[in-house]
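Sequence plus predicted model, see below.
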Amino acid sequence: MDMLASRDARLHGNKRRIKLTDIESDSFDPNDPANGGISYAKGMSAINAVYRDGRVIEGPKVFLKAYEFVKLGWLFKFTEWPVFNTLVEIGYKLFAKYRTNITRGSSLDELISAYEEKKNIEQVECTSSSCTTKR
């Protein structure tokens, strides 16, 4: 995706069409309309894209649209053909389910649990006499 964002910058300058969002960043806010209400769990479960008007798409369609935005849509056009579309969807679902096991050595469920635990710890900071909510 970084390659697509770089190509987008070269082609469109200040009027870029692709914005990458790090859902693991401390500044990520799923409630920000620009993030389409995509939670950490949803974002980690599949690639998502949010249009400027708030529509959300996920899965292989994201790659097709991103490639189209940088004038390389022909590379993914086959994913719209009925026979290939079914295979691509099945393949992507398998990849999305197991990718974190391969890339991070942890299951998706383990990463989501760790993230939620971290966020819960960040929410409440206690001293011996009182607790305050952070964020």
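Cool, the structure landed.

any idea where the helices of the chain begin and end?
2-12, 40-45, 60-69, 82-103, 108-123 (DSSP state H).

Any chance of TSV for those helices, columns mean neighbour count?
C-betas here are computed from N, CA, C, even on glycine. As requested, the helices of the chain are arranged in TSV below (neighbours: other Cβ atoms under 10 Å):
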stretch	mean neighbour count
helix 2-12	13
helix 40-45	18
helix 60-69	19
helix 82-103	13
helix 108-123	13
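
Can you list the low-confidence ranges for the chain?
Under the criterion pLDDT under 70, the flagged ranges of the chain are 123-135.

Isn't R16 up against S6?
No. Here R16 does not reach S6: they are 10.3 Å apart, not a contact under Cβ atoms under 8 Å.

what sits in contact with each of these two?
Common neighbours of R16 and S6, counting by Cβ atoms under 8 Å, 6 or more residues apart in numbering, are absent.

what's the spatially closest residue to L4 that is not a sequence neighbour in contact with, if anything?
Closest residue in space to L4, ignoring its immediate chain neighbours: A66 at 5.0 Å, by Cβ to Cβ, 6 or more residues apart in numbering. By Cβ under 8 Å, 6+ apart, A66 lies in contact with M1, L4, I18, A49.

just those residues now: which is nearest P82?
P82 has its nearest neighbour among those in A49, at 22.5 Å by Cβ to Cβ.

list the contacts for the closest one?
Shown in contact with A49 (Cβ under 8 Å, 6+ apart): V56, I57, E58, K61, V62, K65, A66.

Return the member of those residues nearest to Y115.
Among the contacts of A49, and counting by Cβ to Cβ, the member closest to Y115 is E58, at 18.7 Å.

Test my guess that the closest one contacts I47.
Yes. Contact criterion Cβ under 8 Å: E58 and I47 qualify, at 6.5 Å.
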